[in-house]
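> Build me a structure from this.
(chains A, B, C and D)
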Protein chains: 4
Amino acid sequence: MDAGRLIPARRLRLGVVGWGRIGPVHASAARGSGAWELVAGMFSRDAEVNRRKGAEQRIDPERTYPDPAAMAAAERARPDGIDAVAVTTPNRSHHEIARCFLDAGVHVVCDKPLATRGEDARDLVERARARGLLLGVTYPWAGFAMVREARERVAAGEIGPVRQVHVEYLQPPPDGDVGWRDAPDLAGAAGTAADVGTHAFQLAEFVAGLRVESVRAELIRTIPGRRLDDTAFVSLRFEGGARGTILLTQAAAWNDRVVGIRVLGAEGTVHWSQAEAESLRVGRPGEPERKVVAGAGLHPRAAASVAAPRGAPDGLAGAWANLYREYAIAVEGLAGRIEPGWFDRIYRVDGSEGARGVAFVEAAAASSAGAGFVPIDAAP
Amino acid sequence: MDAGRLIPARRLRLGVVGWGRIGPVHASAARGSGAWELVAGMFSRDAEVNRRKGAEQRIDPERTYPDPAAMAAAERARPDGIDAVAVTTPNRSHHEIARCFLDAGVHVVCDKPLATRGEDARDLVERARARGLLLGVTYPWAGFAMVREARERVAAGEIGPVRQVHVEYLQPPPDGDVGWRDAPDLAGAAGTAADVGTHAFQLAEFVAGLRVESVRAELIRTIPGRRLDDTAFVSLRFEGGARGTILLTQAAAWNDRVVGIRVLGAEGTVHWSQAEAESLRVGRPGEPERKVVAGAGLHPRAAASVAAPRGAPDGLAGAWANLYREYAIAVEGLAGRIEPGWFDRIYRVDGSEGARGVAFVEAAAASSAGAGFVPIDAAP
Amino acid sequence: MDAGRLIPARRLRLGVVGWGRIGPVHASAARGSGAWELVAGMFSRDAEVNRRKGAEQRIDPERTYPDPAAMAAAERARPDGIDAVAVTTPNRSHHEIARCFLDAGVHVVCDKPLATRGEDARDLVERARARGLLLGVTYPWAGFAMVREARERVAAGEIGPVRQVHVEYLQPPPDGDVGWRDAPDLAGAAGTAADVGTHAFQLAEFVAGLRVESVRAELIRTIPGRRLDDTAFVSLRFEGGARGTILLTQAAAWNDRVVGIRVLGAEGTVHWSQAEAESLRVGRPGEPERKVVAGAGLHPRAAASVAAPRGAPDGLAGAWANLYREYAIAVEGLAGRIEPGWFDRIYRVDGSEGARGVAFVEAAAASSAGAGFVPIDAAP
Amino acid sequence: MDAGRLIPARRLRLGVVGWGRIGPVHASAARGSGAWELVAGMFSRDAEVNRRKGAEQRIDPERTYPDPAAMAAAERARPDGIDAVAVTTPNRSHHEIARCFLDAGVHVVCDKPLATRGEDARDLVERARARGLLLGVTYPWAGFAMVREARERVAAGEIGPVRQVHVEYLQPPPDGDVGWRDAPDLAGAAGTAADVGTHAFQLAEFVAGLRVESVRAELIRTIPGRRLDDTAFVSLRFEGGARGTILLTQAAAWNDRVVGIRVLGAEGTVHWSQAEAESLRVGRPGEPERKVVAGAGLHPRAAASVAAPRGAPDGLAGAWANLYREYAIAVEGLAGRIEPGWFDRIYRVDGSEGARGVAFVEAAAASSAGAGFVPIDAAP
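Residues are numbered from 1 along each chain as shown, chains lettered A, B, ... in the order given. You can find the predicted model right below:
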């Protein structure tokens, strides 16, 4: 809404594969960014459901496809084919679908985790790099302006060297059936550690501006009958010696979600939580805590992530829209249609973070199986 | 995103007149609702600015118009003409522009206040009614799911008969020049009492489900040099005997905005504030306060206003999008393209509320000039 | 607990007249201050209740008196007689009892309001001054360290000239019978405006550091059957032109109490509320809000009011104890037993504030009866 | 202050050994309970400091002692000798001093941790039991009414079987020198894990109503130059299979203290934090979170722990006073001077919790040295 918020000169064209709970979030975010329109999709393997969802989304019936390969081929052949595809299927099929579109030269946005196996995630990153394509992995917490402000303040040295990073992510079990998320063959090496652990891990690295070198984890089943972890306790070792924890659960018997991060530096602290998503708490010894909000001297990259007028909340939709706005900038930038300087104004919420997330899941699972601290694979 | 959230079968076409600070908010809300696309506009009286803004919004140059009358005429003549226009100019011109489109058979969404004079506001309401057209006035606070939940709980008798209603709306002066908002000939009978007082007044009536019969007000200039009020203290008398207050200021020297409403009933209370926009505080004597949030048994009309997954904030953008989503339902309903039952699922955030807002401003100004309690005109 | 917190060299001796709900609070506060012991009392006109309460408080039976006059006379005659008496009876008898002890040369601490008639309050202030005696009126909100910090910051000019002061005080009706508080002959000119209005008024003047010149008020009965106001809306005019409001109710059907004050200056703001009693919110344009707490550079008079270690709450008991600690300093100072410099370290939570409170009640009642803005009597 | 709050018929006599930062807190709490007076002490090994502190506290000079043994002997010989002693010296000397008084037949209140070695702590518990004496260890967080309410609700099965318990305790380094707390020979096996870890561990067991069977811990030095841990990450295994974490640091570079506990049951949750010490958050699936406060149907043992009137904070001082009030009840009860029924109304914040705290410290230190999960010694 302000001068710092680029909108590409044309509206980019998005396709979607999958739908379920998260597909509509991608579609809303893309539209809300002002930069994308949804023009093609493969919504379901059930032909009737596929047709109906396509109609609801006002997709041209001939661009509602029966499978990803057909969609990639047909869209590639059109002069007005999609610029990018959003992969919103269950984790297990991310790799195959994303690869199919990358190989067709289509930019890819993929829901997290990027894959269920580290090698598959790395494969996607390599393919995207080789072809100069976007591989965005949607970590929406990193889209909040105040999470970005936290990162910028840490990066600017405002809290001194980082000593500790603590993330908590506590939510109830999903309504109804936990479904494929508790099925080892579909979800990957872990349940909660994959489903929300990747969010927490990315948040830790993103805000601290440091890489985790190794993790020790306990993956725990607290709900009787579960096959995969619904809870995890994780200890983190960062490059340079900082330490941290991640506390994860999807077994809280409440109607809420707690997501928060504290970074403790030698000279100050930052604290963000979803419950006060539009502000950032900044502490220093012997000083009043400051509640940083929009309008109070934000770093440019955080300020450019604010849409609502002063004091009003942008919400999770605003955070998601920031991701899709930046994907549009990236697509235009990769095509040379905007000045390279724009790249400096956005975050690389990109494929490498996706691959690191999968590496985290694998390391946590290995640690929990008895291996002590396990290094995070030298991900891309 | 859930079954209760209708999206019309086609995307409706929106035009905009004006831009400034609030035009982009309307455009985002319309897009974010998933129901509208912006296809025409008159953005500025300055031809070059008009052209540039139109291009930024990817409007066809031939649908970027030099004045409202030309726009109304040309769009009316097109087979793919706009369904509705959003009027986002300074208050003074709302009446003339809105009338022009209503007379051309175009639905109108108008920023608040609907007009600067009560008679002009009533004129618009009458014209819209006579032609069966939408006249939506954007009071976005009423778009928050939790404000709606408050209204539904009060309406359901959960807090017993309403005894008191208190609204506060405190914000800083605008950055830079206060502009036409402090110019008596452009802003109308009041400054702050019009600019944010209309929000507060609508919120009071909307949540309480009661009409204000009369008001006593002090319109106050606390910032040296101001010509119109930057602050107002208002006492309210509701039909049936309930009492209330509105505290307004645009002179708070901080970086924040406080918006809140408390309704005190004989058997309980509800409290909503922007600072915790995604929850509603419900009190009863001798019981723990309950923090009502999405997922915890909301009334259907509130539940249908929630977009984000559990625990995550929808923000002001979500509230605005709710308004535009409902305008689309109204437009389709007025055309007989959806079942009438849908009308029961939305709120009449409509022209009559706009006219009542203007009546409030006039009554407050008259009271402040020495007239004691002044009745709110029997607005439509 | 720190060097700035004087404890007199001997423990002072306190008597109490009355008991009910508030007498025990005075007794606890006196003990909690570390400066007083309770040694005499007249707890009830019912001889058996009087005896029993005295025994519970471990008062020597011969110092448990049947009436105030006997108590004043007997204590005056003892070498170890009380230094001060706490008057905790219903409002109606404050004047007679306090006068009786002042005339006997005993320092007086009196619960608010100081009297039910302005002339009686002024009479007490004059008698105390004439005899060089303490006349402390217990306004405990002014005992919170953070309320004091607010006052000091305003006094130091940190927020610039004060432009607005807003106080809210919302609580439920008392459990059980409202009793003498709703009886015009016992409570005085007003109900809620006296019972909690005096708190709110003192808080406004104390923090703003300005005197209210006149008030306009509506005293309102919202609970059917009430004889006196349970609610009041008040508009304030301060010396120098600042404006303000007080919103009072004892009719909120919840289980809570809201007490808060905002002072808006030309260059900043302060905000304190009971819900976050141990911190002070300080705002400035374009800056993050600061949450001032103990340990973060408080003004000496506020710092001396903190007892708990960092981050822990002192609570209402701490605020009350601050009052009694300062009464002890005042008593010792009036007797010349400590250096006069100590007087600079305490607040005059004294009789003149008590008399101003009563003047406020009378002015509010007169205004509500139709008199428009009514001046606050030139109280002492 | 209410009927449920016993005050012994006589005021009990307390002595104190040590002073420093925490001695004054004990003295205030004892006085604030209304049940104790401070009559004897050994404040410092420095004779002049000892004399001066005694005078400040208005202790009879002949009851200001040069060493604990002399104090125990002299007080035992007096007809008005102390009922109990508060041991507030550095951890290292707790055992010797407490033993000295227990052997003299004097009740003991000891600051935490009870000792620096598990066997010393157990020795004290055995001596107290053998002689029928009080051995109170001051865990003040367990004195908050709302922490007690949490315990009662969990005990009543309101949240179903406990599955997870998470405690966090984050504070800055002490002002000035960290002193003996970082000296291995004075502080015991751990630094922060002893100093605040014992608080956190007691809180976990107290609220959950479950014993921890074993712990895995990382004791970490994050501040350069430290000899003992300033930070600890702890994983808990409870009897019956519940799991939990404790996150401890005294290295947060801010001006705050975060103390909180969440207990997640199969059917609900409770959450208490110091930042909102006067309320308890209670969650259940699909229901609004309830904010439980005084006046809203508390369990009797929690209700009896509330002193302030509705809505007002009791603060940390109130929590401490609750401990000393209960010590008085225990002393009178052990002497047969009150009916045994009173014992049911108080918590055994007693020596066994002290010994378990020391056992936790030893287990955590052993685990951190490489031992994996280490059982908590079968403490008394």
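> Chain A against chain C: which residues are in contact?
For chain A, the contact set with chain C under CB under 8 Å from any CB of the partner chain comprises A:282, A:286-293, A:295-297. Every C-beta, even on glycine, is put in place using the N, C-alpha and C of the backbone.
> okay, who's weakest in those by pLDDT?
The weakest per-residue confidence within the residues of chain A next to chain C falls on residue A:296 (79).
> in a helix, that's where that one is, yeah?
No - Residue A:296 is assigned coil when assessed by DSSP: H, G, I helix; E, B strand; the rest coil, not a helix.
> circling back to that earlier point, now list the buried members of the residues of chain A next to chain C.
Using 16 or more other CB atoms under 10 Å in any protein chain shown as the burial test, those include A:282, A:287-293, A:295-296 as buried.
> Point out the ones among these that are inside strands.
Filtering those for membership in strands, criterion DSSP state E, returns A:282, A:289-292.
> Relative to residue B:164, which of the residues you listed is nearest.
Nearest to residue B:164 among those, counting by CB to CB, is residue A:291 at 30.1 Å.
> Quick check, central residue of chain A?
residue A:139 (1.3 Å; CA atoms, centre = their mean).
> How about the contacts made by that residue?
Contact analysis of residue A:139 by CB atoms under 8 Å, 6 or more residues apart in numbering or on different chains lists A:112, A:198-199, A:202-203, A:206, A:323, A:349, A:353, A:357.
> Most neighbours among those residues, which one is it?
residue A:357 (28 neighbours; other CB atoms under 10 Å in any protein chain shown).
> Out of the ones in strands among the buried ones among the residues of chain A next to chain C, which is nearest to residue D:192?
residue A:289 (22.0 Å).
> and the gap between the nearest residue to that closest one once chain neighbours are set aside and residue A:291?
Nearest non-adjacent residue to residue A:289, counting by CB to CB, 6 or more residues apart in numbering or on different chains: residue C:291, 4.3 Å away. The spacing between residue C:291 and residue A:291, counted by CB to CB, to the nearest Å, is 6 Å.
> Spatially, what comes nearest to residue A:152 if we skip its sequence neighbours?
Nearest to residue A:152 is residue A:299, by CB to CB, 6+ apart, at 3.7 Å.
> number of nearby residues for the one you found?
Residue A:299: 18 neighbours (other CB under 10 Å).
> Next: the one 10 residues further on.
Look at residue A:309: counted by other CB under 10 Å, it has 16 neighbours.
> Make sure I have this right: it is in a strand.
No - assignment of residue A:309 by three-state DSSP gives coil, placing it outside any strand.
> buried set for the helix-or-strand element of chain A with minimal mean pLDDT?
Least confident helix or strand, chain A: helix A:184-187 with a mean of 82, by mean pLDDT, DSSP states H and E. For helix A:184-187, a neighbour-count test (16+ other CB under 10 Å) marks residue A:187 as buried.
> Give the other helices and strands that whichever helix or strand comes after that helix contacts.
Going down the chain from helix A:184-187, the next helix or strand is helix A:192-195, by DSSP states H and E. Packing partners of helix A:192-195 (3 or more CB pairs under 8 Å, 6 or more residues apart in numbering or on different chains; DSSP states H and E): strand A:212-220, strand A:231-238, strand A:243-249, helix A:351-366.
> which residues of the stretch 201-350 of chain A score low on pLDDT?
A:310-311, A:340 (pLDDT under 70).
> That one against chain D: which residues are in contact?
Going by CB under 8 Å from any CB, the residues of the stretch 201-350 of chain A near chain D are A:218, A:220, A:222-223, A:231, A:233, A:235, A:243, A:245, A:247, A:249, A:251-256, A:262, A:264-269, A:283-289.
> Point me to the residue of the stretch 1-150 of chain A nearest chain D.
residue A:150 (14.2 Å; CB to the nearest CB).
> Identify each buried residue in whatever helix or strand that residue lives in, please.
Element membership for residue A:150, per DSSP H and E: helix A:145-155. Neighbour-count burial for helix A:145-155, counted by 16+ other CB under 10 Å, picks out A:145-154.
> Quick one: the residues you listed as a markdown table, columns for pLDDT too.
Listed next are those as a markdown table, based on pLDDT from 0 to 100:
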| residue | pLDDT |
| --- | --- |
| A:145 | 95 |
| A:146 | 96 |
| A:147 | 97 |
| A:148 | 96 |
| A:149 | 97 |
| A:150 | 98 |
| A:151 | 97 |
| A:152 | 97 |
| A:153 | 97 |
| A:154 | 98 |
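> Can you lay out these as a markdown table showing distance to residue C:277?
Output for those, formatted as a markdown table (distance: CB to CB, whole Å):
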| residue | distance to residue C:277 |
| --- | --- |
| A:145 | 31 |
| A:146 | 26 |
| A:147 | 30 |
| A:148 | 33 |
| A:149 | 29 |
| A:150 | 28 |
| A:151 | 33 |
| A:152 | 33 |
| A:153 | 29 |
| A:154 | 32 |
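> Go through the residues you listed and name the one nearest chain C.
Among these, and counting by CB to the nearest CB, the member closest to chain C is residue A:149, at 10.2 Å.
> what about the strands in the stretch 251-380 of chain A?
A:258-265, A:269-273, A:280-283, A:289-292, A:374-375 (DSSP state E, counting those that start in this stretch).
> so where do the strands sit in the stretch 51-200 of chain A?
Under DSSP E, counting those that start in this stretch, the stretch 51-200 of chain A gives strands at A:84-87, A:107-111, A:135-138, A:162-170.
> In CSV: the ones you listed, plus mean pLDDT, distance to residue C:66 and mean neighbour count.
CSV is the format used below for those (pLDDT from 0 to 100; distance: least, CB to CB, whole Å; neighbours: other CB atoms under 10 Å in any protein chain shown):
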stretch, mean pLDDT, distance to residue C:66, mean neighbour count
strand A:84-87, 98, 85, 28
strand A:107-111, 97, 81, 26
strand A:135-138, 96, 79, 28
strand A:162-170, 98, 62, 25
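> Is it possible to get TSV of these that adds distance to chain B?
TSV is the format used below for those (distance: least, CB to the nearest CB, whole Å):
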stretch	distance to chain B
strand A:84-87	15
strand A:107-111	13
strand A:135-138	13
strand A:162-170	10
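> Redo those as CSV? Include distance to residue D:327.
Compiled in CSV, these are given as follows (distance: least, CB to CB, whole Å):
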stretch, distance to residue D:327
strand A:84-87, 64
strand A:107-111, 58
strand A:135-138, 57
strand A:162-170, 36
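> hmm, who's touching the helix holding residue A:150?
A:141-142, A:159, A:162, A:203, A:206-209, A:261, A:263, A:265, A:270, A:272, A:277-280, A:282, A:292-294, A:298-299, A:301-303, A:305-306, A:314, A:318-319, A:322, A:347.
> again with stretch A:357-368
Contacts for stretch A:357-368 (CB under 8 Å, 6+ apart): A:112-118, A:120-121, A:137, A:139, A:188-190, A:193-194, A:197-198, A:201-202, A:212, A:214-219, A:229, A:232, A:234, A:373-377, A:379.
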